[in-house]
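A.B. asks: pasting a predicted model and its sequence here:
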Amino acid sequence: MSWMAWTELTVTFFSVIAVILTCMTVYEIKVPCTERKGFLPISTTRGDRLFIGLLTSAYIHLAFLAVTELSLMIALALSVIWLAILLRWG
């Protein structure tokens, strides 16, 4: 793996994503969900909302990098809050 220049932060990031996907898969197998419509204008499943949340979190971080020099921890906090809202009420 040395050719990929993995840092601890990169390994942590991808490990967390893998753990989230694994947990969601196990949860889906144990408790299958049905599509529902929350504040999003489309019917979504848990997996759909997770994907939308991860994708928008990336955009939040990119926007933060583009328009401000504040700490990315603020973007992380906003992303976690957004993901929690999306998974709960989306």
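C.D. replies: Perfect, I can see it now.
A.B. asks: for the chain, which residues score under the pLDDT cut-off?
C.D. replies: Applying pLDDT under 70 to the chain flags residues 1-2.
A.B. asks: okay, which residue is most central for it?
C.D. replies: Centroid check for the chain by C-alpha atoms, centre = their mean gives L54 as the closest residue, at 2.8 Å.
A.B. asks: OK, contacts around it?
C.D. replies: Applying C-beta atoms under 8 Å, 6 or more residues apart in numbering, we find L54 in contact with I17, L83. (Each C-beta comes from the backbone N, C-alpha and C, glycine too.)
A.B. asks: helix, strand, or coil at it?
C.D. replies: Following DSSP: H, G, I helix; E, B strand; the rest coil, the label given to L54 is helix.
A.B. asks: equivalent analysis for P32, please.
C.D. replies: Strictly by three-state DSSP, P32 counts as coil.
A.B. asks: all helices for the protein, in order.
C.D. replies: 8-30, 46-67, 72-89 (DSSP state H).
A.B. asks: can you spell out which helices and strands pack onto the last one?
C.D. replies: What it means is helix 72-89. Taking 3 or more C-beta pairs under 8 Å, 6 or more residues apart in numbering; DSSP states H and E as contact, the helices and strands that helix 72-89 lies on are helix 46-67.
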